[in-house]
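Enquirer: need a 3D model of the sequence below.
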Amino acid sequence: MPPHAVAPAPAGSRRPELRRVLAANANLLRLLAITVAIFVVMSLLRPELFFTWGNFSSMAFQFPEFAILSLAMMLAMLTGGIDLSVIGLMNLSAILAALVLGALAPAAAGTGTVLGVIALAICVAVATGAAGGLLNGLCIAHLGIPPILATLGTGLMFTGIAIVITNGYALLGFPAEFSVIGNGSIAWIPVPLLIFAALAVLVALLLNRTAFGLRLYLMGTNPMAARFAGIDNAGLTVRTYLLSGTLAAIAGVVLMSRANSAKADYGTSYLLLSILIAVLGGINPYGGFGRVGGLVLAVLALQFLSSGFNMLQFSNFAKEFIWGVLLLVVMVVNGMKFGRPARPAGAESPTNQNRE
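Expert: I've put the predicted structure just below:
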């Protein structure tokens with residue numbers, strides 16, 4: 001053996017490392033097994049409908065909307081909170097974007113400035129989402145309102161504003177170019193799927209490769225320890241909910257483009273679905289733990305299940321019942337796994353850190 005050669009590690013020494021890797025990814029492996037099992041079962045039950053290119057393409061256009069909302073929910077839950085305003089903010093952002101398109105797009109038709117109007121409408125939607133998320137963050141971090149109450153209140157407010165603006169009617173009549181966002185494809189890949197994939201990668205990089213992500217996990221795990229480590233918990237909470245609101249607005253743009261309309265009550269079932277996906281994906285509802293990979297697998301599992309239910313002619317009421325039962329079961333299992341974190345005597349709630 002050459003003097004500088006390194007002897008290969010014995011086979012037995014690799015087993016503990018392999019066990020550690022498997023233990024660290026046990027949740028992902030379970031989710032992968034569940035996803036594959038659902039896919040196989042649905043393919044066997046209705047192969048002529050489920051296992052077809054048309055069905056896969058349809059699913060790829062459908063799930064990015066609530067998958068993006070699930071990313072928003074994930075960020076809020078990592079802080080130990082929740083964002084119940086995502087649906088109201090999604091629809092309000094879409095409606096304001098629709099108003100911009102309705103006011104400016106007809107005049108821009110045939111002038112070559114339609115794409116500029118579409119870009120402006122998207123910017124209005126994203127700015128609306130960011131502003132709504134900022135409001136949520138300020139209410140939680142600086143006013144000390146519990147996240148579930150703060151976002152429930154703002155969500156009702158956003159929905160109320162949307163209803164007042166539209167009188168409850170749907171806004172229609174967008175430029176044909178705008179429909180590419182929700183209905184177009186690039187090299188046979190649906191544009192909504194590409195948008196979700198890009199956002200999922202960005203969120204994963206943000207959480208795993210930046211100081212923001214490290215601080216967010218630390219704050220979610222132990223707010224008091226994070227504060228003593230010099231982390232601005234209040235500022236971090238505000239930035240997190242701002243990102244959550246921005247993602248909700250992007251979901252609104254995708255939904256209004258696919259439906260070619262915007263309305264105050266679109267996607268009402270997505271709230272339960274986004275929470276279920278986040279919890280099923282391994283996001284600790286008490287904060288501090290969760291990975292984008294688990295969320296993606298949960299999205300695929302529930303989309304396969306939903307598509308299969310449609311082909312088996314399950315009613316929407318039955319599906320919502322199943323989603324609710326599944327959420328309770330997953331919460332019980334996660335409660336046994338994570339447990340409720342004990343808060344030291346005198347420790348502050350995560351919703352009112354740094355108020356003094």
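
Enquirer: what is the rounded mean pLDDT of the helix or strand where residue 125 lies?
Expert: According to DSSP states H and E, residue 125 maps onto helix 114-141. For helix 114-141, mean pLDDT rounds to 96.

Enquirer: now do stretch 205-219
Expert: Stretch 205-219 comes out with an average pLDDT of 94.

Enquirer: contacting residues around that stretch?
Expert: With contact meaning CB atoms under 8 Å, 6 or more residues apart in numbering, stretch 205-219 is reached by 75, 78-80, 225-226, 229, 231, 233, 236-237, 239-240, 287-289, 291-292, 350. Where C-beta positions appear, they are placed from N, C-alpha and C, glycine not excepted.

Enquirer: switch to 10 Å and redo it
Expert: By CB atoms under 10 Å, 6 or more residues apart in numbering, the residues outside stretch 205-219 that reach it are 74-75, 78-80, 203-204, 225-227, 229-233, 235-237, 239-240, 243, 287-292, 350, 353.

Enquirer: so which of those belong to helices?
Expert: Mapping the contacts of stretch 205-219 onto helices (DSSP state H) picks out 74-75, 78, 203-204, 225-227, 233, 235-237, 239-240, 243, 292.

Enquirer: show the contacting residues for residue 154.
Expert: Residue 154 neighbours (CB under 10 Å, 6+ apart): 83-85, 88-89, 132-133, 135-136, 139-140, 145, 241, 245.

Enquirer: is it true that residue 275 touches residue 87?
Expert: No. Using CB atoms under 10 Å, residue 275 is not in contact with residue 87, being 11.1 Å away.

Enquirer: give me the common contacts of those two.
Expert: With CB under 10 Å, 6+ apart, residue 275 and residue 87 have common neighbours residue 69.

Enquirer: who has more neighbours out of the two?
Expert: Shown here are residue 275 and residue 87; by other CB atoms under 10 Å, residue 87 has more neighbours (27 against 23).

Enquirer: so that one: helix, strand or coil?
Expert: helix (DSSP: H, G, I helix; E, B strand; the rest coil).

Enquirer: any idea how far residue 277 is from the residue nearest to it when sequence neighbours are not counted?
Expert: Once flanking residues are discounted, residue 87 sits nearest to residue 271: 5.0 Å by CB to CB, 6 or more residues apart in numbering. Using CB to CB, to the nearest Å, residue 271 is found at 11 Å from residue 277.

Enquirer: if we can go back for a sec, what sits against the residue nearest to residue 87?
Expert: Here residue 271 is in contact with 66, 69, 73, 83-88, 90, 155 (CB under 10 Å, 6+ apart).

Enquirer: may I ask which of those residues has the most neighbours?
Expert: Busiest of the contacts of residue 271 [other CB under 10 Å] is residue 90, holding 38 neighbours.

Enquirer: sticking with residue 168, tell me its helix or strand.
Expert: Counting by DSSP H and E, residue 168 is part of no helix or strand.

Enquirer: so it sits against residue 162, correct?
Expert: Yes. Here residue 168 lies in contact with residue 162, judged by CB under 10 Å, at a distance of 9.2 Å.

Enquirer: more neighbours, the two?
Expert: Comparing residue 168 with residue 162 by other CB under 10 Å, the one with more neighbours is residue 162, at 24 against 11.

Enquirer: wait, what's in contact with the more buried one?
Expert: Residue 162 touches 88-96, 168, 262-266, counting by CB under 10 Å, 6+ apart.

Enquirer: which of those fall in helices?
Expert: Per DSSP H, the contacts of residue 162 map to helices at 88-96.

Enquirer: ok, back up a step: over to the residue nearest to residue 87: give its phi and psi.
Expert: Main-chain torsions, residue 271, degrees, to the nearest 10: phi -70, psi -50.

Enquirer: per-residue confidence for it?
Expert: At residue 271, pLDDT is 93.

Enquirer: now it: how far from residue 86?
Expert: Taking CB to CB, one finds residue 271 at 7 Å from residue 86.

Enquirer: would you map the helices across this protein?
Expert: Remark: helices assigned in the chain by DSSP H are 11-24, 26-45, 53-78, 86-108, 114-141, 147-166, 180-183, 191-209, 211-221, 223-228, 233-259, 270-280, 292-311, 316-338.

Enquirer: and for residue 171, nearest residue in space, chain neighbours not counted?
Expert: That would be residue 98: by CB to CB, 6+ apart, it lies 4.0 Å from residue 171.

Enquirer: unless I'm mixing things up, that neighbour is touching residue 128, no?
Expert: No. At 11.6 Å, residue 98 does not count as touching residue 128 under the criterion of CB under 10 Å.

Enquirer: give the residues shared as contacts by those two.
Expert: Common contact partners of residue 98 and residue 128 (CB under 10 Å, 6+ apart): residue 252.

Enquirer: give me the number of residues near residue 205?
Expert: Residue 205 has 12 neighbours, counted by other CB under 10 Å.

Enquirer: oh sorry, the question was meant for residue 41
Expert: Residue 41 sits with 13 neighbouring residues when counted by other CB under 10 Å.

Enquirer: circling back to that earlier point, neighbour-wise, which of residue 98 and residue 128 wins?
Expert: residue 98 (28 against 24).

Enquirer: which residues are in contact with the more buried one?
Expert: Contacts for residue 98 (CB under 10 Å, 6+ apart) come out as 105, 121, 124-125, 165-166, 170-174, 178, 252-253, 256, 261-263.

Enquirer: quick one, what contacts the closest residue to residue 122 other than its chain neighbours?
Expert: Distances taken as CB to CB, 6+ apart place residue 253 nearest to residue 122, at 5.7 Å, with adjacent residues excluded. If you count contacts by CB under 10 Å, 6+ apart, residue 253 has them with 65, 68, 90, 93-94, 97-98, 118, 121-122, 124-126, 129, 178, 181-182, 195, 262.
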